[in-house]
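# Turn this into a model:
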Amino acid sequence: MSKIHIEGLHKTYASSHGRVTALKEVSLSIKQNEFVTLVGPSGCGKSTLLKLIGALIRPSRGALLFDGVPLLRPTRDVGIVFQDAVLLEWRTVLDNVLLPTEILRLDKVKSRNRAMDLINLVGLSGFEKRFPRELSGGMQQRVSLCRALIHNPSVLLMDEPFAALDAMTREELGFELMRIWDTDKKTVIFVTHNITEAILLADRVVAMTPRPGRIARVVDIDLARPRTLDMEFTQKFKSYSGEIRDVIYQGPGASRS
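As a prediction, the model looks like this:
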């Protein structure tokens with residue numbers, strides 16, 4: 001059984017200029033512990049699809065199953081990381097990480113121990129009592145990742161979490177994420193505009209068309225793990241990049257000349 005199964009998903013928004021179709025007839029199955037990236041041009045519905053999977057919004061029509069059951073409301077089995085870290089400025093690193101456990105009323109001692117383990121895992125030991133203003137952008141996103149993982153969800157949704165960071169920090173956090181995923185397996189769905197990032201992280205890349213967003217192609221990424229930057233210069237990597245770029249900008253039927 002798929003962890004997440006999407007069938008004929010359609011999302012339309014009302015606007016001052018009439019109705020806008022963000023997603024059209026999207027069908028996709030995602031396996032447990034699979035790392036999937038969603039890539040496509042701005043406005044193609046990547047973030048909309050992520051919000052639908054997180055049950056933050058409802059589809060206009062179509063089916064979305066989570067562990068074989070229709071997903072009708074947000075579930076604690078999903079963690080979400082947004083583009084902005086969205087940390088509470090008056091709370092320390094540790095207290096920001098622990099926030100979901102307070103809302104869910106989880107055991108305080110166990111939660112604190114897990115928080116400390118996660119903070120260590122992302123390389124922030126010694127910063128537990130620091131406030132967000134004392135952290136770099138990359139460090140803030142590490143805190144945000146810990147907060148999303150603190151209640152041990154089986155699914156992690158990531159909406160362009162590294163987009164606002166510089167190239168070197170973005171690469172560093174990408175490899176950090178892969179290391180964490182390898183240590184503590186989750187089903188990860190990661191939205192990005194960056195084709196190279198999409199390939200480097202994923203088991204499968206879902207390439208989407210311009211709005212209305214449809215799935216142009218799903219590309220299986222047959223690269224050994226752990227991944228390295230050197231892989232970007234291989235012919236196989238370049239072939240994946242060309243295929244994805246073509247279908248995004250030319251449509252599902254595109255083929256390379």
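# Would you double-check that Leu52 falls in a helix?
Yes. Counting by DSSP: H, G, I helix; E, B strand; the rest coil, Leu52 is located in a helix.
# Skipping its backbone neighbours, what lies nearest it in space?
Among residues not flanking Leu52 along the chain, Pro59 sits closest, at 5.6 Å (CB to CB, 6 or more residues apart in numbering). C-beta coordinates here come from the backbone N, C-alpha and C atoms, glycine included.
# what's near enough to touch the one you found?
Taking CB atoms under 8 Å, 6 or more residues apart in numbering, we find Pro59 in contact with 9-11, 52.
# Of those, grab the buried ones for ChimeraX.
Per 16 or more other CB atoms under 10 Å, the buried members of these correspond to this ChimeraX selection:
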select :9,11,52
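# Export the contacts of Pro59 to TSV and append columns for secondary structure, distance to Lys129 and pLDDT.
TSV is the format used below for these (DSSP: H, G, I helix; E, B strand; the rest coil; distance: CB to CB, whole Å; pLDDT from 0 to 100):
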residue	secondary structure	distance to Lys129	pLDDT
Leu9	strand	44	95
His10	strand	48	94
Lys11	strand	42	94
Leu52	helix	38	95
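# which one of the contacts of Pro59 is nearest Leu149?
Comparing those against Leu149 with CB to CB places Leu52 closest, at 21.6 Å.
# residues contacting that closest one?
The contact partners of Leu52, taken as CB under 8 Å, 6+ apart, are 9, 11, 23, 58-59, 64.
# circling back: export the contacts of Pro59 as JSON lines, with columns for distance to Asp77.
Shown next, in JSON lines, are those (distance: CB to CB, whole Å):
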{"residue": "Leu9", "distance to Asp77": "20"}
{"residue": "His10", "distance to Asp77": "25"}
{"residue": "Lys11", "distance to Asp77": "22"}
{"residue": "Leu52", "distance to Asp77": "16"}
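# where exactly do the strands run in the stretch 1-150 of the chain?
With strands called from DSSP state E, counting those that start in this stretch, the stretch 1-150 of the chain shows them at 4-15, 18-30, 35-39, 61-66, 69-70, 78-81.
# Reformat those as CSV; add distance to Tyr240.
Listed next are the strands of the stretch 1-150 of the chain as CSV, based on distance: least, CB to CB, whole Å:
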stretch, distance to Tyr240
strand 4-15, 23
strand 18-30, 18
strand 35-39, 11
strand 61-66, 28
strand 69-70, 34
strand 78-81, 25
